[in-house]
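**Q** Based on what follows, work out the 3D shape:
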Amino acid sequence: MLPSHVDGVDIVVADSARAFGRHTHDQFGIGRIERGAQKSASGRGTVEAGPGDLITVNPGEIHDGRPVDATGRRWRMLYIEPHRLLDAARDLQPAAEFEFTAPVLRDPAFGAAFHALFAAVTRGNGGTLEAEAALLALVAQHLGPASSDRPAAVPRVVRARERMDDDPAAALTLAALAAEVGMSRHQFLRAFTRLTGLPPHAYQLQRRVQLARRLILQGLGLAECAAASGFADQSHMTRCFVRQLGLTPGALARR
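**A** From the prediction side, this is the model:
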């Protein structure tokens, strides 16, 4: 088990030739086979998953797992509390329920959504905004297009952007920002991305880099700049600096 930076999400990475007997989980499970292959019983019969395939399980669904040969298999899994997925589903479609209907998926778009969510909950550096957005994107990919979507209220979304501009270090959540402008989280995420060209967590990181840059040029120490700008730590600030500005905070401080 790896440390998770999101409540209600557990992370498991394994490389094993072990065969698991029939069992259930209280959570939704979604994962990816990285190496090898396995066969498993599921609520929809026996299935086989190989490298790159996504595997899913619903709460209470009886399943097992055994490798197809002695080399075993490597996989990474997210186990998500039902209320987290159900909340996201109803944010997208108010009457929606949530259930995985295929124990094995070969869907590049859904795979990309899983990869983004796994990265968000394991890294933790993007904060709550990134994880919320990634979970919504995964659920949206599973549910498909909503039957209707209210048009963006641009002036209200502009105010949300200005809030980030005024205080980049603030610990914001997608739910709070959406509630302030009277939208669902998914509607706000789409409207904000249309307005700025970036999802909220990426926009916030850009603004944090600019704040840290100003503080460094004022002579503040690097660790203090990272904390004052809302970064998880100095190394997180450095990675974002290099990605956005092409130089490290230390190099800027020496200029």
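
**Q** okay, CA-based contacts and neighbour counts for the rest of this
**A** Noted.

**Q** In PDB, list the C-alpha atoms belonging to stretch 172-187.
**A** In PDB, the C-alpha atoms belonging to stretch 172-187 read as follows (Å, rounded to 0.1, in the frame of the first residue of the first chain):
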ATOM      1  CA  LEU A 172      -8.900  25.700  -2.600                       C
ATOM      2  CA  THR A 173     -11.200  22.900  -3.600                       C
ATOM      3  CA  LEU A 174     -13.100  22.300  -6.700                       C
ATOM      4  CA  ALA A 175     -16.300  21.900  -4.700                       C
ATOM      5  CA  ALA A 176     -15.900  25.200  -3.000                       C
ATOM      6  CA  LEU A 177     -15.100  27.100  -6.200                       C
ATOM      7  CA  ALA A 178     -18.000  25.600  -8.000                       C
ATOM      8  CA  ALA A 179     -20.400  26.300  -5.200                       C
ATOM      9  CA  GLU A 180     -19.400  30.000  -5.200                       C
ATOM     10  CA  VAL A 181     -20.300  30.400  -8.800                       C
ATOM     11  CA  GLY A 182     -23.500  28.200  -8.600                       C
ATOM     12  CA  MET A 183     -22.300  25.400 -10.800                       C
ATOM     13  CA  SER A 184     -21.600  21.700 -10.400                       C
ATOM     14  CA  ARG A 185     -17.900  20.800 -10.200                       C
ATOM     15  CA  HIS A 186     -17.900  19.400 -13.700                       C
ATOM     16  CA  GLN A 187     -19.500  22.400 -15.200                       C
END
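
**Q** Only the buried residues of it, if you could.
**A** L172, T173, L174, A175, L177, A178, V181, M183, S184, R185, H186, Q187 (16 or more other C-alpha atoms under 10 Å).

**Q** Over to stretch 195-207?
**A** Going by neighbour count (16+ other C-alpha under 10 Å), the buried part of stretch 195-207 is P199, P200, H201, Y203, Q204, L205, Q206, R207.

**Q** now swap in stretch 212-224 and tell me
**A** In stretch 212-224, counting by 16+ other C-alpha under 10 Å, buried: A212, R213, L215, I216, L220, L222.

**Q** and if you look at stretch 70-81?
**A** Those would be G72, R73, R74, W75, R76, M77, L78, Y79, I80, E81, for stretch 70-81 by 16+ other C-alpha under 10 Å.

**Q** how about CSV for those, with distance to L117, pLDDT and secondary structure added?
**A** Formatted as CSV, the buried residues of stretch 70-81 follow (distance: C-alpha to C-alpha, whole Å; pLDDT from 0 to 100; DSSP: H, G, I helix; E, B strand; the rest coil):
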residue, distance to L117, pLDDT, secondary structure
G72, 25, 95, coil
R73, 22, 96, strand
R74, 19, 96, strand
W75, 15, 96, strand
R76, 12, 96, strand
M77, 11, 96, strand
L78, 9, 95, strand
Y79, 12, 95, strand
I80, 11, 94, strand
E81, 14, 92, coil
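
**Q** Tabulate those residues (CSV), appending distance to A120.
**A** As requested, these are exported to CSV (distance: C-alpha to C-alpha, whole Å):
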residue, distance to A120
G72, 27
R73, 24
R74, 20
W75, 18
R76, 14
M77, 13
L78, 11
Y79, 14
I80, 14
E81, 16
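
**Q** What is the nearest of these to A116?
**A** Nearest to A116 out of the buried residues of stretch 70-81 is L78 (C-alpha to C-alpha; 11.9 Å).

**Q** In helices only, show me the buried residues of stretch 195-207.
**A** Among the buried residues of stretch 195-207, the members found in helices (DSSP state H) are P200, H201, Y203, Q204, L205, Q206, R207.

**Q** for these, which one is nearest A120?
**A** For these, the nearest to A120 is H201 (10.7 Å; C-alpha to C-alpha).

**Q** do you know how far that closest one is from A14?
**A** 30 Å (C-alpha to C-alpha, to the nearest Å).

**Q** which stretches of this protein form helices?
**A** 82-92, 108-123, 127-143, 154-166, 174-181, 185-196, 200-217, 222-228, 234-245, 249-253.
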